[in-house]
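# Fold the following.
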Amino acid sequence: MGLGKGTAMAQKDTDLQKIEQLIEIMRANDLVEVEIKHGDDKISLKRAHPHESAARVIPVMGVESAVGGAVRGGPEPGSPPEPTAEPDESLVEIKSPIVGTFYATPSPDSDPYVEMGTQVEPQTVVCIIEAMKVMNEIKAETSGVIAEILVTNGQAVEYGQVLFRVRPD
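Down below sits the predicted model:
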C-alpha cells in the first residue's frame, strides 16, 4: 500500500510550507531568530541581519498560531557553536532567571541600564527580560563592575543563560 509513503510526502510538503511561512513572518517583522518547541519537536530559525534589530518580537505562541502549529524538526539549523574560550573564573555570572527577551534599556530611546565598567550593587537593575508580555527587572544580586555583556538588546534568552559577568569588589 502506497498510502504511508504518500502521507509522509504530504507531511514533508506541509512542514516545508510552514517553514516558508515562518521565514516570511521573520522578514515581515524584522526578526533575526525564531524558536518553536512543541512536545519533543523543535525548530530554530536564524538569519543574518545587517544591523541590530529594533527589538520587535512576536511571542512564540503567536508565531505557532500564525502557521497553524509547530513544525517537526531535526537538528537546529544555524545553532551557534559552543564558546571555546574559558571564562575568567574570578568573575561572577548574572544569569537569566527566566526564558524571554532581553532588553538592555527601559525604553528604545533610553540609555542602557549598565555598560562595560558600570559599578553595580545587589539591588542595581541590570536589564529587563520580557516574558509573556510582562517586563521583569533583573537585579545584579552582587557588587562589582560589569566586565562582560554576553547578550544583545532584543535577543531571546533561555533560563540559566549567562547575561553578564561581574568583577567582584
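# Name the secondary structure element that contains residue 18.
Here residue 18, judged by DSSP states H and E, is contained in helix 3-28.
# err, residue 141, not the other one
Using DSSP H and E, residue 141 is not contained in any helix or strand.
# and it, how many residues sit next to it?
16 (other Cβ atoms under 10 Å). The way it works is simple: take the backbone N, C-alpha and C, and place the C-beta from them, glycine included.
# if I look at it, how far off is residue 159?
16 Å (Cβ to Cβ, to the nearest Å).
# Give me the contact list for stretch 125-133.
57, 59, 94, 96-104, 106, 113-114, 120, 135-140, 146, 157, 163-164 (Cβ atoms under 8 Å, 6 or more residues apart in numbering).
# Buried ones in that stretch, by neighbour count?
126-130 (16 or more other Cβ atoms under 10 Å).
# could you redo those residues as TSV and give each row pLDDT, secondary structure and distance to residue 153?
Formatted as TSV, these follow (pLDDT from 0 to 100; DSSP: H, G, I helix; E, B strand; the rest coil; distance: Cβ to Cβ, whole Å):
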residue	pLDDT	secondary structure	distance to residue 153
126	96	strand	13
127	96	strand	9
128	96	strand	10
129	95	strand	12
130	94	strand	12
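# can I see the domain layout of this structure?
When the chain is parsed with automatic domain parsing, its domains come out as 7-66, 92-168.
# No more questions from me, cheers.
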